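# here is a sequence with its predicted model. Questions after.
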Amino acid sequence: MNYNFNFNVVWRDWDLLASGLALGLFLAVVSIAIGCVLGLISAFGMVSRHRPLRWLALGYVSAIRNTPILVLILFTYFALPQLGFALDKIQSFIFTLAIYAGAYLAEVFRGGLLAIPKGLREGGLSIGLTETQIKAYIIVPVMMRNVLPSLSNNFISLFKDTSLAAAIAVPELTFYARKINVETFRVIETWMVTSLIYVFTCYLIANLLRRLETRIALPR
């Protein structure tokens, strides 16, 4: 093996990798924020007593969870404009990732809702709160604390999924890594550095979210 490592050709484009990492984090944060809203609405629909709402929520969750995310990305970017829904590449990726996140978070939130003691709802009714107020001020806050570990895992997973944005030329980390690789032909160095950036970022995110979990956890 006569391969000579040369990381200088990668580090000289560090600004590109950093900007790609920043965009990837932005895509993940915005997508999971929208996905939380979609997931919460879907979760309430899945536990609703109204059959049409349950069917609608279950249909959305089943369809998205059983479709590869890359297929969803390509469909959103290339097919939706043919139907009159024109989005740029960043908007289309955020839209896709949010829809994808919402389907998975719906199951997380549904489990959290089913774990809520019935006494909380009865206690809210006893002090004169409406069903909407009970959900907004009692059920959702308690549920969010309970599902925070799962929510953290989903965020890390979504951040890693932002690498698929390179398929539609969104200039995130993987896109720039491919660009550097093509221009320098330093395959090992480029993808080794990129992998380490992903590992370090995910490790940092996990630690920050773990501290948040500890800080706001319900007392036992």
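Looks like it arrived, so ask away.
# tell me what the worst-scoring helix or strand of the chain on mean pLDDT is packed against?
Within the chain, no helix or strand scores below helix 118-126, which has a mean of 77 by mean pLDDT, DSSP states H and E. Secondary-structure packing of helix 118-126 (3 or more C-beta pairs under 8 Å, 6 or more residues apart in numbering; DSSP states H and E): helix 131-134. All C-beta spots, glycine's among them, are computed from the backbone N, C-alpha and C.
# check which residues of the helix it packs on are buried.
The neighbour-count check on helix 131-134 (16 or more other C-beta atoms under 10 Å) flags residue 134 as buried.
# and the next helix or strand past that helix?
helix 140-161 (DSSP states H and E).
# return the residues in contact with the most centrally placed residue in the chain.
Nearest to the geometric centre of the chain sits residue 158, at 3.6 Å (C-alpha atoms, centre = their mean). Residue 158 makes contact with 28, 31-32, 35, 97, 101, according to C-beta atoms under 8 Å, 6 or more residues apart in numbering.
# and if we set it to 10 Å?
Residue 158 makes contact with 24, 27-29, 31-32, 35, 69, 97-98, 100-101, 104-105, according to C-beta atoms under 10 Å, 6 or more residues apart in numbering.
# reformat these as a markdown table; add secondary structure and pLDDT.
Shown next, in a markdown table, are the contacts of residue 158 (DSSP: H, G, I helix; E, B strand; the rest coil; pLDDT from 0 to 100):
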| residue | secondary structure | pLDDT |
| --- | --- | --- |
| 24 | helix | 94 |
| 27 | helix | 95 |
| 28 | helix | 94 |
| 29 | helix | 94 |
| 31 | helix | 94 |
| 32 | helix | 93 |
| 35 | helix | 94 |
| 69 | helix | 94 |
| 97 | helix | 95 |
| 98 | helix | 96 |
| 100 | helix | 95 |
| 101 | helix | 95 |
| 104 | helix | 93 |
| 105 | helix | 94 |
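# many thanks, I have nothing further to ask.
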